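# sequence-free structure coming up:
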């Protein structure tokens, strides 16, 4: 069924995309959202969106599995840079595992691809993924490296298999004691303060701990 829009609606939708440039670029570049999904969500044509991304100098992604791998690699680089500023022992990042969730990927899920092992003052780690299928894939990948990811487990499951799941390794961490969690994750004092400030006033988002 064709969705006919008036010129006013088309103009309004395009203006919304431009106003939300940062979100659109983030979804396309870092979260793996397809152009088709963005066009559907914002109600714009794919030809116009292509021209707009070009005007913003946003590099085009390759397609298919190659595209997913490229997004994961970009996300991993970004994640490593952020964690290097927070970890007391950033050398652990050299042993980190880039998770492959391509076989269970949910479009638009903001999943971190990086799992940092335990070691030194870092005695625990966790990563939150989109659903039970992704959690199972992560568990199998981490269990292949027990010396770096001991006691791999899923946090108490929620009611639906399609709700986000957290996979943990190492020592158990308290859910709401953010400074203690930061120390167990191996952050230095400034990193602990940053982590606490980011999480204390809102539920934890999907991603790396």
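Ah, there it is. On a predicted model such as this, the values are computed, not experimentally measured, just so you know.
# contacts and neighbour counts: CA atoms only from here.
Noted.
# which stretches of the protein form helices?
Taking DSSP state H as the test, the helices found in the chain are 7-19, 21-29, 35-42, 46-55, 64-84, 132-143, 178-184, 189-199.
# Pipe those helices into JSON lines and attach mean pLDDT per row.
What follows is the helices of the chain, written out as JSON lines (pLDDT from 0 to 100):
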{"stretch": "helix 7-19", "mean pLDDT": "92"}
{"stretch": "helix 21-29", "mean pLDDT": "86"}
{"stretch": "helix 35-42", "mean pLDDT": "84"}
{"stretch": "helix 46-55", "mean pLDDT": "92"}
{"stretch": "helix 64-84", "mean pLDDT": "65"}
{"stretch": "helix 132-143", "mean pLDDT": "91"}
{"stretch": "helix 178-184", "mean pLDDT": "95"}
{"stretch": "helix 189-199", "mean pLDDT": "89"}
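# Spatially nearest residue to residue 199, not counting backbone neighbours?
Spatially, and ignoring its direct neighbours in sequence, residue 199 is nearest to residue 178 (7.3 Å; Cα to Cα, 6 or more residues apart in numbering).
# Just confirm that neighbour contacts residue 191, I think it does.
No: taking contacts as Cα atoms under 8 Å, residue 178 lies outside contact range of residue 191: 11.4 Å.
# picking up where we left off before, gap between the residue nearest to residue 199 and residue 197?
9 Å (Cα to Cα, to the nearest Å).
# Comparing these two, which residue is more hemmed in?
residue 178 (19 against 13; other Cα atoms under 10 Å).
# for the closest residue to residue 97 other than its chain neighbours, what are its contacts?
In this structure, residue 97 finds its nearest non-sequential neighbour in residue 115, 5.2 Å apart by Cα to Cα, 6+ apart. Residue 115 makes contacts with 96, 97, 98, 99, 125, 126, 127, 208, as judged by Cα atoms under 8 Å, 6 or more residues apart in numbering.
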